[in-house]
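Colleague: pasting the sequence and the predicted coordinates here, then a few questions.
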Amino acid sequence: MRAALLHHVHQLADDDLPAYLYDLPGLRRHAGAIRAALPQRVELLYATKANSDPRLLQALAEHVNGFEVASGGEIRHIRGLLPDAPIAFGGPGKTPAELVQALDAGAERLHIESEHELRTLTTVLGDRTADVLLRVNVPVAIRSVALAMGGGPSPFGLDPSQLDRCLHIIAADGRIRLHGLHAHLANGLDARAHLALVDQVMGWADRWAHHRGITLSEVDIGGGMGVDYAHPRDVFDWPTFGIGLRRTLERHPDLTLRIEPGRSVTAYCGWYVTEVLDIKFSRGEAFAVLRGGTHHLRTPAAKQHNQPFEVIPDDSWHQPWTRPEARDEPVTLVGQLCTPKDVLARRARVDRLRVGDRIAFAMAGAYAWNISHHDFLMHPHPTFHHVDDADTPIAGACAFQTA
Ligand SMILES: *Cc1c(COP(=O)(O)O)cnc(C)c1O
């Protein structure tokens with residue numbers, strides 16, 4: 001991996017920096033391996049909001065069953081790129097116009113988030129039909145979660161107490177077909193914790209459906225498969241997850257499960273490459289100031305972690321003064337923003353880091369550029385580069401490599 005990464009980083013011109021480098025062959029391989037680890041009766045949707053780069057989406061289209069979208073903008077974006085891809089429209093706060101847009105786009109599923117939303121749908125349907133899942137904040141006990149989306153009070157999904165009212169609305173309206181339930185409850189779980197969550201959701205859904213004499217044909221268990229930025233090689237254990245889901249399906253012969261991961265699909269295929277502009281020591285601590293920063297790669301600020309990185313030495317130095325460097329010590333990597341929050345990695349140990357060396361931040365393929373505040377301070381935007389199938393793939397990081 002390192003040799004391939006070096007090769008691609010060296011191909012970037014100084015003027016290209018900072019740059020996003022996306023490894024398309026690595027992404028294809030990773031997504032293909034995820035698909036292969038899942039039983040046939042699990043449908044794999046990609047959560048577009050994790051990274052909506054057009055070429056990533058096109059590469060993914062070959063390996064997923066569809067795309068989960070959460071806005072009118074994402075609907076338009078996917079339709080423009082992939083006219084026939086199945087889309088599932090989720091997310092809170094859908095406007096009437098967005099519901100119309102989803103229907104016009106032929107959305108395969110609508111994930112209904114509230115009774116009000118369902119009623120709004122009935123007013124815009126006209127003589128069309130809609131295929132829906134009811135998103136429920138299933139009462140489950142979730143252990144050790146990075147970001148809990150449900151279980152407790154939540155703006156996401158329906159409170160279980162509201163479900164019966166929705167069933168009545170659907171029963172009275174011949175145009176709405178209920179396929180089942182949706183529950184995206186947690187982010188950052190490992191495979192075993194996620195399977196435990198699936199068990200809780202399925203147990204609850206079974207009891208609920210049984211009481212009402214309904215058969216669920218579909219349950220969407222959301223995304224949130226964990227990505228460990230502190231241990232990049234601890235990749236979500238898709239084979240174990242697939243085996244667990246197969247057991248769930250054996251107990252439910254007529255059920256289709258759907259999942260909609262985002263981060264765990266694209267995180268590994270993206271790199272943010274930049275260079276060291278300055279190195280200084282403040283009260284004994286080393287700081288490296290990089291071109292760019294969290295206005296391009298907000299992930300470490302948003303998740304409060306150190307973004308993993310590789311130093312790519314550049315031996316050219318043409319100034320008459322001594323090249324500033326840090327050697328065998330912890331260095332805090334910051335960006336160009338005038339805020340103490342612009343930190344990409346805090347007190348990370350380096351063997352040697354010099355002004356002019358390049359740095360490639362790994363795991364920058366999800367919730368990275370597209371969640372960043374690009375225009376704060378008005379620095380230039382990064383350039384974007386896609387390693388193609390004709391090139392050497394970078395990603396050792398992209399398939400499963402659990403030690
Ligand atoms: C964000 C989101 C996802 C994807 O979550 P990841 O953590 O990126 O896997 C899936 N479903 C819903 C409803 C979401 O809001």
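Modeller: Received the coordinates, thanks.

Colleague: give me the residues contacting stretch 36-49.
Modeller: 31, 34-35, 57, 60, 63-70, 74, 77-78, 86, 88, 220, 223, 238-239, 241-242, 245-246, 249, 255-262, 265-266, 370, 400 (Cβ atoms under 8 Å, 6 or more residues apart in numbering). The C-beta positions use only the backbone N, C-alpha and C, and glycine is treated the same way.

Colleague: filter these down to the ones close to the ligand.
Modeller: Among these, the residues that sit close to the ligand (Cβ under 6 Å from any ligand atom) are 68, 223, 260-262.

Colleague: ok, the closest residue in space to residue 129 that isn't next to it in sequence - contacts?
Modeller: Setting aside the residues directly before and after it, residue 129 is nearest to residue 175 in space (Cβ to Cβ, 6 or more residues apart in numbering), at 4.9 Å. Going by Cβ under 8 Å, 6+ apart, residue 175 touches 122, 125, 127-130.

Colleague: tell me the spacing between residue 175 and residue 121.
Modeller: Separation of residue 175 from residue 121 (Cβ to Cβ, to the nearest Å): 9 Å.

Colleague: cool, residue 333 as well?
Modeller: Relative to residue 121, and taking Cβ to Cβ, residue 333 is found at 48 Å.

Colleague: neighbour count for these two, which is higher?
Modeller: For residue 333 versus residue 121, neighbours defined as other Cβ atoms under 10 Å are more numerous around residue 333 (27 against 24).

Colleague: can you name the residues bridging to that one?
Modeller: Beta-bridge pairing for residue 333 (DSSP bridges): residue 288, residue 345.

Colleague: quick one: it and residue 309 touch, right?
Modeller: Yes. Judged on Cβ atoms under 8 Å, residue 333 makes contact with residue 309 at a distance of 7.2 Å.

Colleague: any residues in contact with both of the two?
Modeller: 344-345, 348, 359.

Colleague: let me know the closest of those to the ligand.
Modeller: Looking at these and their distance to the ligand, the nearest is residue 344, at 20.6 Å (Cβ to the nearest ligand atom).

Colleague: could I get the pLDDT score of the closest one?
Modeller: Note for residue 344: predicted pLDDT of 98.

Colleague: contacting residues for it?
Modeller: 290, 293-294, 297, 300, 306-307, 309, 333-335, 361.

Colleague: find the nearest non-adjacent residue to it, please.
Modeller: Per Cβ to Cβ, 6+ apart, closest to residue 344 is residue 333, 4.6 Å.

Colleague: contacting residues around that neighbour?
Modeller: Residue 333 touches 288, 290, 309, 343-346, 348, 359, counting by Cβ under 8 Å, 6+ apart.

Colleague: burial count for the residue of the stretch 251-400 of the chain found nearest the ligand?
Modeller: When scored by Cβ to the nearest ligand atom, the stretch 251-400 of the chain has residue 262 as its residue closest to the ligand, at 2.8 Å. By the criterion of other Cβ under 10 Å, residue 262 has 23 neighbours.

Colleague: what sits against it?
Modeller: Residue 262 neighbours (Cβ under 8 Å, 6+ apart): 46-51, 68, 223, 366-367.

Colleague: which pair of those spans the longest distance?
Modeller: 68 and 367 (14.6 Å; Cβ to Cβ).

Colleague: contact residues of the stretch 51-200 of the chain facing the ligand?
Modeller: Residues of the stretch 51-200 of the chain lying near the ligand (Cβ under 6 Å from any ligand atom): 68, 90, 184, 187.

Colleague: longest single helix anywhere in this structure?
Modeller: helix 191-211 (DSSP state H).

Colleague: distance from that one to the middle of the chain?
Modeller: Distance, stretch centre to chain centre, for helix 191-211: 23 Å (Cα atoms, centre = their mean, to the nearest Å).
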